[in-house]
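Enquirer: no sequence on this one, just coordinates:
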């Protein structure tokens, strides 16, 4: 589709519109962002956006920009690497001064000493996991700090990043040592000799799907690896239509789109791989720190001092009724599963693999439920496009084990 791009400035915002998408760009020239590197993004329960920068943290409520730095607040260091919001709406900030800082909107609390706090993740039960540069990783449960490093645990590197699967299972990406899992006190290491990882270097767990439990593993040169606890599936430019092998970040948004950040911004939706560059967006470099807000808009940072907000008019908010639910059970499955639509009869279901190849089409049987059998499909990740009345379509992820 030929994009009509209109450039105009309204209320000091630069917005790029097309027939199906709206891009809004923020940087130090048209917003309250400082002229400094943006390293992380978080969203609190009120919908405020928080940005960790090399000149403090910045809050954006949709209208006003507020900066917190050493000069005007209790922030212990202006260089901030990570920011997260916990279940009580407290901000946790990782700084270059060796401090993990907590901000409740009024009061500041510090936890130190530590080296540069480069990564923060928060579990469902509100455990705070944070990584220090060359110092390993720690968990803070509100009372006790538990430290893990190469001296006191099986952790393979003190340069590490963390992702949380659930309250008892945490994944680590130790520098140049594959990936590791800590589950209920037990450690498991995955590398290129004992798993489906293509290499031990330049890989890390970048996203965990809370529903399917799939681990999305990014790499510097080997594309996207998806691990479902049984199978390792690799998608690169040689074996799929993915447009880049450099993957640094991932999210699955409310409309079931898979978004990947790296040297390109990539979307996988409706069996298509799409990437964004200056031909169809304002982005002229890679994207990272992808996050979706309550309005289904996607926020991202690019290299340097720029934030983008992307609204897709074809997304969940505009096209999909929140009343209708479509799902499969069981999922994952080995022999068969059933696609179920709670409020409309199924017209047709098409099954696609992640290369975009259609593997099967099943006609509906005038029912709200349709059985799907394995019938020779290999283990792995598939997408079911479910068509119901009025040509509405829903995507359902299928996992065959």
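Expert: Looks like it arrived, so ask away. Note that this is a predicted model, so its numbers are computed, not measured. Numbers count the residues shown, from 1 in each chain.

Enquirer: how close does residue 226 get to residue 250?
Expert: Noted for residue 226: a distance of 10 Å to residue 250, by C-beta to C-beta, to the nearest Å. Bear in mind the C-beta positions are built from the backbone N, C-alpha and C, glycine included.

Enquirer: now do the contacts for the nearest residue to residue 178 once chain neighbours are set aside.
Expert: Among residues not flanking residue 178 along the chain, residue 191 sits closest, at 3.7 Å (C-beta to C-beta, 6 or more residues apart in numbering). Listed by C-beta atoms under 8 Å, 6 or more residues apart in numbering, the contact partners of residue 191 are 177, 178, 197, 200.

Enquirer: the third one is in what secondary structure piece?
Expert: Applying DSSP states H and E as the criterion places residue 197 outside every helix and strand.

Enquirer: mind listing what it touches?
Expert: So residue 197 contacts 178, 179, 190, 191, 203, 217, 225, 232 (C-beta under 8 Å, 6+ apart).

Enquirer: that older thread, tell me the pLDDT at the residue nearest to residue 178?
Expert: Looking at residue 191, its pLDDT reads 98.

Enquirer: reformat the contacts of residue 191 as a markdown table; add distance to residue 265 and pLDDT.
Expert: Below are the contacts of residue 191 laid out as a markdown table (distance: C-beta to C-beta, whole Å; pLDDT from 0 to 100):
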| residue | distance to residue 265 | pLDDT |
| --- | --- | --- |
| 177 | 28 | 98 |
| 178 | 26 | 98 |
| 197 | 25 | 98 |
| 200 | 27 | 97 |
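
Enquirer: tell me which two in the residues you listed are the farthest apart.
Expert: Pairwise distances across the contacts of residue 191 peak at 10.6 Å for 177 and 197 (criterion: C-beta to C-beta).

Enquirer: hmm, back to that, residues that sit against both of residue 226 and residue 250, list them.
Expert: Common neighbours of residue 226 and residue 250 (C-beta under 8 Å, 6+ apart) are residue 216.

Enquirer: quick check: residue 237 is in a strand.
Expert: No: in this structure, residue 237 is coil, not part of a strand, as judged by DSSP: H, G, I helix; E, B strand; the rest coil.

Enquirer: does it really touch residue 222, like I thought?
Expert: No: counting by C-beta atoms under 8 Å, residue 237 sits too far from residue 222 to count as a contact (10.1 Å).

Enquirer: more neighbours: which of these two?
Expert: Neighbours per residue, other C-beta atoms under 10 Å: of residue 237 and residue 222, the larger number sits with residue 222, 21 against 11.

Enquirer: pLDDT score for that one?
Expert: pLDDT, residue 222: 96.

Enquirer: before we move on, what about residue 20?
Expert: pLDDT, residue 20: 60.

Enquirer: what's the answer for residue 100, then?
Expert: Per the predicted model, pLDDT is 92 at residue 100.

Enquirer: just checking, it touches residue 112?
Expert: Yes: assessed by C-beta under 8 Å, residue 100 is found in contact with residue 112 at 7.0 Å.
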